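Asker: Dropping a prediction and its sequence here:
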Amino acid sequence: MRAAVLTEFGAPLTVREVPDPEPVGGEVLVEVLATCVLPYAAEVFGGVRNYPLVPPVVPGLGGVGRVVRTGPDATRLRAGDLVWCDPTVRSRDDALTPDIALQGWSSRGDGGAALARHLHDGSFAELMRVPTENVFPLPSAAGDDPARWAALAVHAVPYGGLTAGELRPGETLLVSGATGNFGSSAVAVGLAMGAGRVVVPGRNRDALALLVDRFGPRVRPVTLTGEEAADRAAMSAAADGPIDMVIDLLPPSAPSSAARAAAMTVREYGRVVLMGGVGMLGGDDLALPYPWIMRNSITVRGQWMAPRTADVGLIRLLASGALDLAPERVRSFPLHAVVDAVTHAAAHTGPFDRTALTPRTG
């Protein structure tokens, strides 16, 4: 099969023939129809983000595909099924604290590195082997435009955080980092889950206007100044009432003060979910006041990716139309143009800009 291979950090991906993957028991072989190229992919491949990938490696974070072959443990999946492949791989020998790897992308700790050695390659290829439990049937409509449905890789992140934070219908949500690729997804997903109001802070006025134009008065924009106390007051005022939940999806380049200003707008007994990259490339830690957390009974939790059950819920939201992919701007590239795809993704990082790789189209 053909695949795009990262031979070393800092070198462009090269497309070449590699052996077909051979699934073992508990795995499924999938033909990759489309996979999302994330806006920060160039930073990963360039070594800027210090991800624990081990070249040579076929990168790629999940994808839409068709089942080619299943293992003996598959009781529902069949060859030809249209599926979503979740890249979040969990170890099977510790149900309480499983090790985690993002297939073809990243991992956590020694156990995650061991998983990444076994499931080394991702979805920038014509074929991919995936754990059986990471393969989810898609509605037939996804087959009409698999590149658009590859955005599941983006939407799954905030959906995991919003479900972890137990977002309830009618609540007011604040999305820290709302004008970015993942943050704007959180706005769309939060509204699809029934948020009554979503506060969207950011510096990019055009991106804020786009969110308001798409979703209407349920979205409350706030133009940030960088002055922590003033920004916190402006976000609280925009909510026009208590903020029930804050989800942070700021990138590694953002200062911890921006994350703190957003987090501290949450009401007494409110919830804060941290999913962004603040501090991952250095800088100050997130310092939240102990008395504020304790006296206001604030829940602060981290969430990396999403549980497997979230895939089912997210696919249902998409199938029902509650979460609408139609307005998203999607640019697709064939496998041989993978370098162009990575460059395009880096230049199109705004709300609802998607870049997709379609390995079977050329």
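Answerer: Received it, and whenever you're ready, just let me know what you need. Just so it is clear, the structure is predicted and the values come from calculations on it, not from any experiment.

Asker: all contacts plus neighbour counts: C-alpha atoms, from now on.
Answerer: Will do.

Asker: all helices for the stretch 101-250 of the chain, in order.
Answerer: 109-118, 146-149, 152-164, 181-192, 205-215, 228-239 (DSSP state H, counting those that start in this stretch).

Asker: would a markdown table of these with mean pLDDT be doable?
Answerer: As requested, those are arranged in a markdown table below (pLDDT from 0 to 100):
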| stretch | mean pLDDT |
| --- | --- |
| helix 109-118 | 94 |
| helix 146-149 | 98 |
| helix 152-164 | 97 |
| helix 181-192 | 97 |
| helix 205-215 | 96 |
| helix 228-239 | 97 |
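
Asker: Out of the ones you listed, which is closest to residue 34?
Answerer: Closest of those to residue 34 is helix 146-149, at 5.0 Å (criterion: Cα to Cα).

Asker: Which positions in that closest one come out as buried?
Answerer: For helix 146-149, the buried set under the neighbour-count rule, 16 or more other Cα atoms under 10 Å, comprises 146-149.

Asker: Residue 241: how many residues sit nearby?
Answerer: Neighbourhood size, residue 241 [other Cα atoms under 10 Å]: 11.

Asker: how near is residue 18 to residue 245?
Answerer: 47 Å (Cα to Cα, to the nearest Å).

Asker: Next: residue 47.
Answerer: With Cα to Cα as the criterion, residue 47 and residue 245 are 34 Å apart.

Asker: more neighbours, the two?
Answerer: residue 245 (26 against 16).

Asker: Okay, and the beta partners of the more buried one?
Answerer: Counting by DSSP bridges, residue 245 forms beta bridges with residue 173, residue 271.

Asker: looking at this, residue 4 is in a strand?
Answerer: Yes: under DSSP: H, G, I helix; E, B strand; the rest coil, residue 4 sits within a strand.

Asker: Pull the contacting residues for it.
Answerer: 13-16, 58-59, 124-125, 335-336, 338 (Cα atoms under 8 Å, 6 or more residues apart in numbering).

Asker: Can you read off the pLDDT for it?
Answerer: We have a pLDDT of 98 for residue 4.

Asker: how far away is it from residue 109?
Answerer: Distance from residue 4 to residue 109, by Cα to Cα: 26 Å.

Asker: now swap in residue 316 and tell me
Answerer: Using Cα to Cα, residue 316 is found at 33 Å from residue 109.

Asker: need the contact list for residue 154.
Answerer: Taking Cα under 8 Å, 6+ apart, one finds 38, 181-182, 185 in contact with residue 154.

Asker: Take these and write them to JSON lines, including neighbour count and distance to residue 69.
Answerer: Listed next are the contacts of residue 154 as JSON lines, based on neighbours: other Cα atoms under 10 Å; distance: Cα to Cα, whole Å:
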{"residue": "38", "neighbour count": "27", "distance to residue 69": "28"}
{"residue": "181", "neighbour count": "24", "distance to residue 69": "34"}
{"residue": "182", "neighbour count": "29", "distance to residue 69": "33"}
{"residue": "185", "neighbour count": "24", "distance to residue 69": "33"}
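
Asker: Pipe these into a markdown table and attach distance to residue 140 per row.
Answerer: Formatted as a markdown table, these follow (distance: Cα to Cα, whole Å):
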| residue | distance to residue 140 |
| --- | --- |
| 38 | 25 |
| 181 | 26 |
| 182 | 26 |
| 185 | 23 |
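
Asker: Residue 43 contacts residue 49, correct?
Answerer: Yes: between residue 43 and residue 49 there is a contact under Cα atoms under 8 Å: 5.9 Å.

Asker: Is there a neighbour count for the closest residue to residue 119 other than its chain neighbours? I'd like the number.
Answerer: Nearest non-adjacent residue to residue 119, counting by Cα to Cα, 6 or more residues apart in numbering: residue 103, 6.1 Å away. For residue 103, the neighbour count with other Cα under 10 Å is 29.
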